[in-house]
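K.L.:
predicted model and sequence below, questions to follow.
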Amino acid sequence: MTKRYANALCILFPAACLSTQALANQPQTWSAGLNADISILAGYSESRSPFNTDDSTISDYGKADKESDLLIAPLGTISYTNEALDKQVYFGTSRSDLAFGRFHVELGYKHKLKDNGTLIFSYVPGLLTSETWQDPYLLDQDRSKTDSTIRGLRFQYNQILGSNFSLELSGGNQDLDEENSGASQVRLDDSQKESLDRQSDIYFAQLSHFLPINRTQVIRSAVSYTRNDAQGSAMASDSFGAELGVVQRVNKASFALTFSYNYVDFDEQNPIFERTQQDDKWGVFLASQYDAPMGWENWNLVSLIGYNQSNSNITFYDEESLLFTVGMNYRF
């Protein structure tokens, strides 16, 4: 997994978009002992973002140039389930989190409650990093890169009290090795430069509901709230999101189509652009899976296709991303 690919995922799926299993929120079949879920994906990504780290020099604060890349991504989770099939520990990455746009390595524990859903507790240790600019606003000079790391805790309660509702609560922090946003702006005083600090505590809450239409079709809806409590007041924000998705099973194939929208409102005026940032983000995502291609048991052919666009009242922050991947998944 490359840093560029991690960046592409973070840009492409800032709102929750789900794979077929996550979309349905259906209880998964567990088997006792050691198990693994391994995927190899190959594909193409294209993105436009002021935080892409290919174009080191910019001359103005207009829209960023598009960047594209071919990618290969290994994903995998190892788990151990007890003989009673109600407790499980796991470690790794998953296609569900890839679809969520929260690509990371995670250590977790799952506990099935009899007829009352599943509790999941997990820790994200920040083993994977992505790259961004130390000072995104530096003009006509080469900008320096820095690593960004997210660490956090997640709690999920799927099928609350046996119902069709599920809840996720998570919190974490984003650290930059070198945060120098606004350092190049000689017209700003120290307090204004400090208002551009992107390091933050992040809190996320989502309530979702799935509605089975028939044996082969499920509709999922969700609402979410994200608080990005950045150290810089101009970078702190509240985000309100909504999603609507449908999963369809056709013989050996499953398809999950999700539409998402997020409105992001920032706390205070950005001193560089002299206005308070507001973003409208929308996306569409399609996940598909074909079981046992060519009769291969335990194998699945998988594909992820997504498009996301963020329109800001500050042109510099406009973003646009496209991702297409196809690959194979093996479970044992």
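P.N.:
Good, I have the coordinates.

K.L.:
tell me the SS of residue 294?
P.N.:
Secondary structure state of residue 294, per DSSP: H, G, I helix; E, B strand; the rest coil, is helix.

K.L.:
now do the same for it: its pLDDT.
P.N.:
The confidence metric pLDDT takes the value 91 at residue 294.

K.L.:
how long is stretch 194-207 end to end?
P.N.:
Terminal residues of stretch 194-207 are spaced 34 Å apart (Cα to Cα, to the nearest Å).

K.L.:
contacts for it next, please.
P.N.:
16, 137, 150, 152, 165-176, 179, 181-182, 222-236, 241, 268, 270-272 (Cβ atoms under 8 Å, 6 or more residues apart in numbering). C-betas here are computed from N, CA, C, even on glycine.

K.L.:
cutoff 7 Å now
P.N.:
Contact with stretch 194-207 is made by 16, 165, 167-176, 179, 181-182, 222-235, 268, 271, as judged by Cβ atoms under 7 Å, 6 or more residues apart in numbering.

K.L.:
just stretch 127-145 next, same as before
P.N.:
Residues contacting stretch 127-145 (Cβ under 7 Å, 6+ apart): 1, 3, 6-7, 10, 50-51, 53, 56-59, 104-105, 146-149, 176, 178-185, 272.

K.L.:
so which strand or helix has residue 83?
P.N.:
When elements are assigned from DSSP states H and E, residue 83 belongs to no helix and no strand.

K.L.:
show me where the stretch 51-200 of the chain has its strands.
P.N.:
66-81, 87-92, 106-113, 117-124, 129-133, 145-158, 165-176, 200-214 (DSSP state E, counting those that start in this stretch).

K.L.:
dump those to CSV, plus mean pLDDT and distance to residue 277.
P.N.:
Listed next are those as CSV, based on pLDDT from 0 to 100; distance: least, Cβ to Cβ, whole Å:
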stretch, mean pLDDT, distance to residue 277
strand 66-81, 88, 22
strand 87-92, 94, 36
strand 106-113, 94, 30
strand 117-124, 93, 27
strand 129-133, 88, 17
strand 145-158, 92, 19
strand 165-176, 94, 17
strand 200-214, 94, 14
